[in-house]
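Asks: sequence isn't available, so here's the structure alone:
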């Protein structure tokens, strides 16, 4: 084994861990994001509201909260990559 093989394995471990942890954080923040979006939605559509023109339009592509199935799937992919990289480093 040379230096570049070790670095590549460690980078794959880092990417897998980042994918897992970022999606776990999105899953934890899911309920708070939905509450925040609901409060903005009410303020934006209230008649006479000064913030009526601000905010996201429906075509922005931003999601109100992280989709559950996609988030869990990405967490599993990150976990598999992370475990595989740890096994490669250990052997």
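Replies: Received it, and whenever you're ready, just let me know what you need. Just so you know, these numbers come straight off a predicted model, no measurement behind them.
Asks: going forward, measure contacts and count neighbours with C-alpha atoms only.
Replies: Will do.
Asks: okay, now the unreliable bits of this protein?
Replies: Counting by pLDDT under 70, the chain contains low-confidence ranges at 40-62.
Asks: repeat that for 90
Replies: Residue ranges of the chain with pLDDT under 90: 1-2, 28-67, 91.
Asks: any idea which helix is longest in this protein?
Replies: helix 3-28 (DSSP state H).
Asks: any idea how far residue 14 is from residue 3?
Replies: Here the distance between residue 14 and residue 3 works out to 17 Å (Cα to Cα, to the nearest Å).
Asks: those two: which is more packed in?
Replies: Here residue 14 and residue 3 are compared on neighbour count by other Cα atoms under 10 Å; more neighbours surround residue 14, at 16 against 7.
Asks: surely that one and residue 81 touch.
Replies: No. Using Cα atoms under 8 Å, residue 14 is not in contact with residue 81; the gap is 9.4 Å.
Asks: residues that sit against both of the two, list them.
Replies: Shared contacts of residue 14 and residue 81, defined by Cα atoms under 8 Å, 6 or more residues apart in numbering, are absent.
Asks: any idea which residue sits dead centre in this structure?
Replies: Central residue check for the chain by Cα atoms, centre = their mean: the C-alpha nearest the mean position is that of residue 23, 4.0 Å away.
Asks: residues in contact with that one?
Replies: Neighbours of residue 23 in contact, by Cα under 8 Å, 6+ apart: 71-72, 74-75.
Asks: rerun at 7 Å
Replies: Listed by Cα atoms under 7 Å, 6 or more residues apart in numbering, the contact partners of residue 23 are 71, 74-75.
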